[in-house]
Structures are given as structure tokens and as C-alpha cells.
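Could you look at this predicted model? Sequence included:
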Amino acid sequence: MANMPDSAAGSFKVEALCTISNAYATCHPQINGDRLIINFPSELVVLDKDEVKSIDLYDSRRREFIRFFKKTGDIDFAISFLEGKETRTGFIRFKNNRSARKFYNRLVEYNPALFKSSINIEVY
């Protein structure tokens, strides 16, 4: 696995599960200034704002009676980016909604043009 740059003032780094090929593995995506850095299991990807083509959110949360009708489940971030002339997509899944919400909010700050509408990620 590639070494991750140390977090510095103004950067955001959190633990998640990531994949760019087949299997999910632990990773630490971070936003550092104008760069999105994701250490996928098979490679380190460092993206400037103009290299990110799109970010789609896949929400598998559902309301459950056992949790008093609060939503449970995952939110996956699908990040498509340009590599040469090819578009590639990697996926990030956070271990809890608090981390997902923080990452989402930082992504909106990083490049608000990537999101057509906002979502509310509940923390419970």
C-alpha cells in the first residue's frame, strides 16, 4: 500500500472502505487543499479538482423499526475521474454516517459544482 502524506492544517482524512477494482479494503481518503487523495487497495490516486469528472452517491439506507424508524445502512461515494483519456470510477464506503457526512461536506467545499443537489446524512 502506498504511503499517505501526513495530515496537515486544513486537510481532512478519515478511515473508510474503498475499491477501484473488485475487493473493498481499508483506506484513508483525504482532502488536502485542492487535492483529493485516495489510497485505494491497489493504487494511490491523487486528483486535482479538474480531474474529478463526477461524484455520485448511492444511498442504501432504510428505515427500521428496531432503530425507532431511523435510517440504517450505507452511503457509497462513486468518484469518477479522468486518467489520460479514460474515465475510471472508485468507490468509498464509510464505517459510520458521521464520517460519511463529514466527507460529503468537505467534498462540497472542495468542488460544489460536482453536486446537483444536496443530501442530509443523519447521524445516530
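Arrived safely.

residues contacting R88?
Residues in contact with R88 (Cβ atoms under 8 Å, 6 or more residues apart in numbering) are I20, S80, F81, L82. Every residue, glycine included, has its C-beta placed from N, CA and C.

Please, which helix or strand holds it?
Element membership of R88 [criterion: DSSP states H and E] is strand 86-94.

and that strand, average pLDDT?
Averaging pLDDT along strand 86-94 gives 92.

Tell me the helix or strand right after that strand.
By DSSP H and E, the next helix or strand past strand 86-94 is helix 97-110.

what about the strands in the chain?
Along the chain, counting by DSSP state E, strands occupy 11-13, 16-19, 25-27, 30-32, 35-39, 44-48, 52-59, 62-64, 70-72, 75-83, 86-94.

what's the spacing between P41 and D59?
Computed as Cβ to Cβ, to the nearest Å, the P41 to D59 distance reads 24 Å.

Would you mind telling me which of those two has more residues around it?
Taking other Cβ atoms under 10 Å, P41 and D59 do not tie; P41 has more neighbours (17 against 13).
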